[in-house]
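In: kindly return the folded structure for what I paste below:
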Amino acid sequence: MNILRSLILVIPILCVISCDSNSKKSSIAKVAVVFQEDSLKFTKSQKVFIREVISKSEKEVRNLLPNLPDSIKVIVEAVDWDLDIVNGVTGRTETNHPPLVLVQISHNYKGGVIESVYQGIKATVFHEFHHLSRGWAIQDNKFSYGIPNAMVNEGLAVAFTEIYTGNINDVNSYPKEAGRWVKEILALPLDADYAQWVMGEHPDGRTYIGYRTGNFLVRRAMKKSGKSILELSDLMPNEIIKLAGY
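Out: Next comes the predicted model:
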């Protein structure tokens with residue numbers, strides 16, 4: 001009877017400790033936002049708003065991509081670049097370990113910083129966090145070299161962002177001859193120029209070929225296979241290329 005009475009007293013205490021521990025664990029921030037300011041500064045209200053947008057976007061992405069790593073650091077920088085074609089915001093996934101994303105917000109975009117954040121930062125977070133979920137990073141990339149891998153990974157991030165944010169930029173649109181572009185990319189040598197074929201301007205005048213062709217390829221793979229963008233996001237590039245019929 002004494003043992004039973006002791007257990008009755010101890011169990012609720014253990015429950016309280018466990019519940020309190022879980023509560024503390026769930027309250028730990030999954031994303032830390034740090035502002036890097038040089039000549040251009042953010043106001044206090046701008047910082048609050050930017051943090052809110054990034055935090056809310058992180059939660060939305062995590063619900064869609066549960067394998068998104070914890071403890072993501074986002075460094076936000078104010079710049080004077082012309083970023084009109086991407087709604088005033090750009091970014092890059094720097095490392096997987098630790099998870100680090102850099103975001104640049106243009107002070108020169110239309111109505112200013114807040115307008116940039118409202119229009120572009122959610123899309124940038126969705127795009128870059130999709131990269132983190134797959135391990136597509138600049139410094140410690142989990143994928144091998146080659147423009148085809150870049151085409152698929154960028155295409156997945158573009159399609160994912162467009163589908164779940166509704167933010168569509170002309171810079172990521174693909175032309176009717178995109179199928180021919182896919183074949184061009186698949187025939188490239190491993191040391192093909194990344195800037196020309198993925199994120200810059202090709203000598204023939206085409207721009208952002210990897211992003212645009214990747215968007216086409218992923219959409220085609222979705223249509224032919226019946227798989228969702230989330231299902232495709234679990235696959236390797238060569239599997240997605242095959243699902244698209246190449």
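In: going by C-alpha atoms from here, please, whenever you check contacts or count neighbours.
Out: OK.
In: dump stretch 137-156 to PDB, restricted to CA.
Out: C-alpha atoms of stretch 137-156 as PDB (Å, rounded to 0.1, in the frame of the first residue of the first chain):
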ATOM      1  CA  ALA A 137      24.200  24.600 -50.600                       C
ATOM      2  CA  ILE A 138      27.100  26.600 -51.900                       C
ATOM      3  CA  GLN A 139      29.800  25.500 -49.400                       C
ATOM      4  CA  ASP A 140      28.900  21.900 -48.500                       C
ATOM      5  CA  ASN A 141      26.600  20.800 -51.300                       C
ATOM      6  CA  LYS A 142      25.300  17.200 -50.900                       C
ATOM      7  CA  PHE A 143      25.000  16.800 -54.700                       C
ATOM      8  CA  SER A 144      27.700  16.100 -57.300                       C
ATOM      9  CA  TYR A 145      28.900  18.600 -59.900                       C
ATOM     10  CA  GLY A 146      27.100  19.300 -63.100                       C
ATOM     11  CA  ILE A 147      24.500  21.700 -64.500                       C
ATOM     12  CA  PRO A 148      21.800  18.900 -64.700                       C
ATOM     13  CA  ASN A 149      21.800  18.700 -60.900                       C
ATOM     14  CA  ALA A 150      21.600  22.500 -60.600                       C
ATOM     15  CA  MET A 151      18.700  22.500 -63.100                       C
ATOM     16  CA  VAL A 152      16.700  20.000 -61.100                       C
ATOM     17  CA  ASN A 153      17.400  21.500 -57.700                       C
ATOM     18  CA  GLU A 154      16.700  25.100 -58.700                       C
ATOM     19  CA  GLY A 155      13.600  23.900 -60.700                       C
ATOM     20  CA  LEU A 156      12.200  22.200 -57.600                       C
END
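In: number of nearby residues for residue 196?
Out: 18 (other C-alpha atoms under 10 Å).
In: which other helices and strands contact the host helix or strand of residue 241?
Out: For residue 241, the element it lies in under DSSP states H and E is helix 237-243. Of the remaining helices and strands, those touching helix 237-243 by 3 or more C-alpha pairs under 8 Å, 6 or more residues apart in numbering; DSSP states H and E are helix 147-165, helix 209-225.
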